[in-house]
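**Student:** No sequence on hand, only this structure:
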């Protein structure tokens, strides 16, 4: 039986959020977040999520909350909930948008839980779209372009979109990191992208497993030379991609198996 909606929470700074808490945020877009899948009440790559929140807070607000406090907010949101769920932690400034907040304005944390997710099965066809995200290293909110290009891609018969930067290099997907297989090594695009937590987990575990990895430019012209491709995010360490633009890519079940094996080698950690 699936958990009921009442099993999930929305909390502000470790306490149940009220309508008054949420109303100012309904129209705000200056914030950053991290998304994760909780399994057995635990999280893979917890240190990576904390590093992401810490670094993004310094970038957007000039300072960050202590990790211990953020972890306490995560624990509070998990208490009494199902063992497996999705969790979204958003950090924002109560000073709001279009203001210059001083160092005395402490960031706040909004945590939302929901049903566990595992992403689509694929294989996916991705439209190739020329686009570069603003402040790509920060997982920030209010990115209308990602949903816009997703919807445009679906109207054109694709499942989603992959981005190509101004130099012609593939970078990332709308909500995905891209990974390619050249037959001997995992290839990560060399571009300005959001370094996903799942991507970081997979990369460090591939190192541990002794799987070769390369970071290099990937252009549309060379897509046909690859032996496989996949996308990954907080839902899943790998969904197969069988086409990008007009270029077909071969099935690579062994590549997907390696990505999933690497991810599941990462231990689950209690917040």
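**Tutor:** Received, thanks. Since the structure is predicted, the reported quantities are computational estimates derived from the model, not experimental observations.

**Student:** in this structure, which spans are helices?
**Tutor:** For the chain, the helices defined by DSSP state H occupy 19-22, 46-61, 67-78, 144-155, 197-209, 253-264.

**Student:** got the contact list for the first one?
**Tutor:** Residues from elsewhere that reach helix 19-22 (CB atoms under 8 Å, 6 or more residues apart in numbering): 10, 12. (Each C-beta comes from the backbone N, C-alpha and C, glycine too.)

**Student:** go with 10 Å
**Tutor:** The list of residues contacting helix 19-22 from outside it, by CB atoms under 10 Å, 6 or more residues apart in numbering, reads 10, 11, 12, 13, 15, 26, 94, 108, 110.

**Student:** got it, and stretch 219-226?
**Tutor:** Residues from elsewhere that reach stretch 219-226 (CB under 10 Å, 6+ apart): 128, 162, 164, 167-170, 180-183, 187, 189, 216, 218, 229, 241, 243-250, 252, 255.

**Student:** Now, those that are in strands?
**Tutor:** Per DSSP state E, strands hold the following members of the contacts of stretch 219-226: 128, 162, 164, 170, 180-181, 187, 189, 216, 229, 241, 243-244, 247-248.

**Student:** Filter those residues down to just the buried residues.
**Tutor:** Listed as buried from the ones in strands among the contacts of stretch 219-226 are 128, 162, 164, 170, 180-181, 187, 189, 229, 241, 243-244, 247; burial here means 16 or more other CB atoms under 10 Å.

**Student:** quick one: which of those residues is nearest to residue 39?
**Tutor:** When these are ranked by distance to residue 39 (CB to CB), residue 241 comes first, at 25.0 Å.

**Student:** I'd assumed residue 176 was in contact with that closest one.
**Tutor:** Yes - Residue 241 is within contact range of residue 176, at 9.2 Å (criterion: CB atoms under 10 Å).

**Student:** Now for the residue lying closest to residue 41 once chain neighbours are set aside: which residues touch it?
**Tutor:** Spatial nearest neighbour of residue 41, chain neighbours left out: residue 83 (5.2 Å); criterion: CB to CB, 6 or more residues apart in numbering. Applying CB under 10 Å, 6+ apart to residue 83 gives the contacts 3, 38, 39, 40, 41, 42, 116.

**Student:** Appreciated, that's everything.
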